[in-house]
Structure formats: structure tokens, C-alpha cells
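Q: 3D, please:
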Amino acid sequence: QVQLVESGGGLVRPGGSLRLSCAASGFTFSPYWMYWVRQAPGKGLEWLSGINTGGGTTAYADSVKGRFTISRDNAKNTLYLQMNSLKSEDTAVYYCAKVVGGDYVDYWGQGTQVTVSS
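A: So this is what the prediction gives:
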């Protein structure tokens, strides 16, 4: 069955960096767009970034543009999110998501917690 497993979250100080990974299995990874989405405490889901099948096209929310970088390694079936210059408002559970039909998410990972605090 389809599995998306995020890792790499943790506690980091403001200004620090983290790299999240999302290991995909149970489906052919390369033909699908992938997203990163987060949910901060008490808030709704926020789309952060998307990447096309080959990795050559990416998109970012204004809140993370210039600080976060999405990438993928299709040979390893893995999606990444490099997060730099982290702020307290980046504290959230981060999810990777498999995209179908243009903009529809059909599978989500279980999430990884990122806490930015001094």
C-alpha cells in the first residue's frame, strides 16, 4: 500500500536549519507531483511547496519563499524540504503529500513535528 513517511523534524533555535525527508513506497514515485504542507497549532493546513515529476519545476508559498527549498530524488523515492532561517512561526507539523489530477492530494504522510524555539 502507499506509504509516505516523514522524518527529520525536531527542536531548533530561531535562525537554524532542518532538512525534512519523505520516504515514499507502495507506488511509482517519479510520475507524481509532490507537496509539503504544514499545520501550526490551532490553525488549518497551509500549503508550502510543490515540485513536479522531474524536479525542475517548483513553487512556494510566500511565507517560505527564499528560506525553504523543495527537492526530490526519484532514484531513492524520496522528497526533501530544506528549511533555513527558521522562525518561531514555522512551528508546525509538516506533512508530505502525493498529488493527482492536477491539484488533488490522495495520500498524506503521518507528519513530523518541527518546533522553533529558543
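Q: I'd say Pro31 and Asn52 touch.
A: No: between Pro31 and Asn52 there is no contact under CB atoms under 8 Å: 10.2 Å. All C-beta atoms are positioned from the backbone trio N, CA, C, and that covers glycine.
Q: for the protein, which residue is closest to the average position?
A: Trp36 (2.9 Å; CA atoms, centre = their mean).
Q: check contacts around it.
A: Taking CB atoms under 8 Å, 6 or more residues apart in numbering, we find Trp36 in contact with 20, 22, 48-50, 68, 70, 79, 81, 94-97.
Q: For Thr58, state which of these is nearest.
A: Ile70 (5.3 Å; CB to CB).
Q: what helix or strand does the closest residue to that closest one other than its chain neighbours sit in?
A: The spatially closest residue to Ile70, leaving aside those adjacent along the chain, is Ser49, at 4.2 Å (CB to CB, 6 or more residues apart in numbering). Assigned by DSSP states H and E, Ser49 belongs to strand 45-51.
Q: Could you name the helices and strands sitting against the next helix or strand after that strand?
A: Using DSSP H and E, the helix or strand that directly follows strand 45-51 along the chain is strand 58-60. Packing contacts for strand 58-60, counted by 3 or more CB pairs under 8 Å, 6 or more residues apart in numbering; DSSP states H and E, involve strand 45-51, strand 68-73.
Q: Quick one, which of those strands gets closest to Val12.
A: strand 68-73 (13.4 Å).
Q: Can you list the buried residues in the closest one?
A: 68-70, 72 (16 or more other CB atoms under 10 Å).
Q: tilt between it and strand 45-51?
A: 50 degrees (axes from the mean of the first three to the mean of the last three CA atoms, to 10 degrees).
Q: Would you map the strands across this structure?
A: 3-7, 10-12, 18-25, 34-39, 45-51, 58-60, 68-73, 78-83, 92-100, 104-108, 112-116 (DSSP state E).
Q: Adding mean pLDDT, write those strands out as TSV.
A: Shown next, in TSV, are these (pLDDT from 0 to 100):
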stretch	mean pLDDT
strand 3-7	98
strand 10-12	98
strand 18-25	98
strand 34-39	98
strand 45-51	97
strand 58-60	97
strand 68-73	98
strand 78-83	98
strand 92-100	97
strand 104-108	95
strand 112-116	98
